[in-house]
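Visitor: Test case, fold it:
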Amino acid sequence: MTKISRLFISLSLSTFFKSFLKKKKNNKFYLDFIKKLFNYKYIYPTSMCRVGFLIFLEYIKEKYPKKNEILICSYNLKEMIDIPRILGFKIVLIDVDKNGFMNLKELKKKISINTSAILLTNMFNEPKDSLSIKKIAKENKITLIEDNAIYFGNYYLNNNNKKYAGSIGDISIGSFGIMKNISALYGGYIATNDKNLSEYIKLRIDKFQEFPKTIYLKQILVFFIFKILTTKIIYNYFFFYFLKLGHRFNINFILKLAYPAEHFKKKDKIPRFYYSKISKISENILHETFKSNIYKLHSNQRKNKVKTYHQLLSKIDKIKLIKIKNSEFQNFLEFPILVKNKHLLSRYLFSKGIETKEYYYKNCEDLIFKRHNFKNKNSTMYEKNLMCLPCHPEITIKQINKICDNIKNYYN
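Guide: Numbering: from 1, shown residues only. Predicted coordinates for the structure are as follows:
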């Protein structure tokens, strides 16, 4: 029986080798492309999305030392909370609403005269949500940082013009990590219209070291291993069962391979390799990727799959879905569902040859408080109940029908 994989690396072997063997880097094209897409005056490549966030926080700390408060969604990637914590910012965590986006009423209440910035994490939000936060930030003269790590290429229509996710904030940061829609192994960007910030970013990055070769070679090794393990024969007869075993018996080293973010460790200081420039190979990959426009094809294909999932699963009472009001903007990399006892559903789907993603983001209150002080109940609920179904370019509509039929059978 052919197994259905949720793992997918968009970077092809041919693009990698072409970029690896290319002697001269050509980054102007991809930077100009992103600048035009998001309509920012200044854009700089970074080694990771979180590095752009780090640079901005250092800028705020230096320029406005008394404004040491930052508002962030509690349901998030822990690294994004850990960076301001290490830098000494007062972190105000905002719970998500029932649809998985930052609670706007709570956000308004927690703004103070010391608030320097709001981090808007594009996750399940529709355009109206983002624009509401932009309005709140503007009214209170607060910088809005838009984390566009998983929404790259998503857009909404405004007077028949495409407005892209990543163009809403005063500052935009993004990721080209190994599992993203656009994969360059490592990479990211920071964009802004603020000239003073732009000059600071340029001076800061100029002082960065070259990206560590050992770390980059390790990522290349991970890339090749996943490419080999996800080939049909090896995946169907070995790797699927390996992952199934890891989920069934909670085997740590297997789960670490499948969910690296799950094994986050709280740090005492910023890791040294964060202060690194983007690799020349990653820049070559980005040049080739944007030149080919393959990511647009992937986005268009995924949109139809998200619609199919939503249509079929909305008929099952036991499942709660994220409300999709704009399918172009809420174009998820993996299809999210909320279910009680998700581990049991996941185990059942694995028994039917379907790989799922059991772990997503976390309620990050444990980085700030002791567990008995947790207040963000919706973030805890999302951490406990949210799981994801495969939605990458190689998944077919026929396979989605099979996945949904099996979920229906499980609840029947």
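
Visitor: My read is that residue 228 contacts residue 235, right?
Guide: No. If you go by C-beta atoms under 8 Å, residue 228 and residue 235 don't touch, sitting 9.5 Å apart. All C-beta atoms are positioned from the backbone trio N, CA, C, and that covers glycine.

Visitor: okay, the two: which has more neighbours?
Guide: Per other C-beta atoms under 10 Å, whichever of residue 228 and residue 235 has more neighbours is residue 235, with 21 against 11.

Visitor: how about that one, what does it touch?
Guide: Applying C-beta atoms under 8 Å, 6 or more residues apart in numbering to residue 235 gives the contacts 3, 5, 229.

Visitor: Look up how far residue 136 lies from it.
Guide: According to C-beta to C-beta, to the nearest Å, residue 235 and residue 136 sit 46 Å apart.

Visitor: Repeat that for residue 122.
Guide: 16 Å.

Visitor: More neighbours: these two, which one.
Guide: The residue with more neighbours, out of residue 122 and residue 136, is residue 122; 24 against 17, by other C-beta under 10 Å.

Visitor: Next, count neighbours for the nearest residue to residue 38 once chain neighbours are set aside.
Guide: Nearest non-adjacent residue to residue 38, counting by C-beta to C-beta, 6 or more residues apart in numbering: residue 167, 4.1 Å away. By other C-beta under 10 Å, 17 other residues sit near residue 167.

Visitor: Give the helix, strand or coil label for residue 167.
Guide: coil (DSSP: H, G, I helix; E, B strand; the rest coil).

Visitor: so what's it up against?
Guide: Counting by C-beta under 8 Å, 6+ apart, residue 167 makes contact with 37-40, 146.

Visitor: Poorly predicted segments of this structure, please.
Guide: Along the chain, segments meeting pLDDT under 70 span 24-27.

Visitor: May I have the longest strand anywhere in it as PDB, with CA atoms only?
Guide: Longest strand of the chain, by residue count under DSSP state E: strand 115-121. Extracted in PDB, the C-alpha atoms of strand 115-121 (Å, rounded to 0.1, in the frame of the first residue of the first chain):
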ATOM      1  CA  THR A 115       5.400  49.200  24.400                       C
ATOM      2  CA  SER A 116       7.900  49.400  21.600                       C
ATOM      3  CA  ALA A 117       6.600  46.800  19.200                       C
ATOM      4  CA  ILE A 118       3.900  44.200  18.300                       C
ATOM      5  CA  LEU A 119       5.000  41.000  16.600                       C
ATOM      6  CA  LEU A 120       2.300  39.900  14.200                       C
ATOM      7  CA  THR A 121       2.800  36.200  13.400                       C
END
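
Visitor: Tell me which residues are up against the next helix or strand after that strand.
Guide: Once the chain leaves strand 115-121, the next helix or strand it forms, by DSSP states H and E, is helix 127-139. With contact meaning C-beta under 8 Å, 6+ apart, helix 127-139 is reached by 101-102, 104, 107-108, 111, 118, 120, 122, 142-144, 146, 156, 163, 165, 168-170, 325-326, 329.
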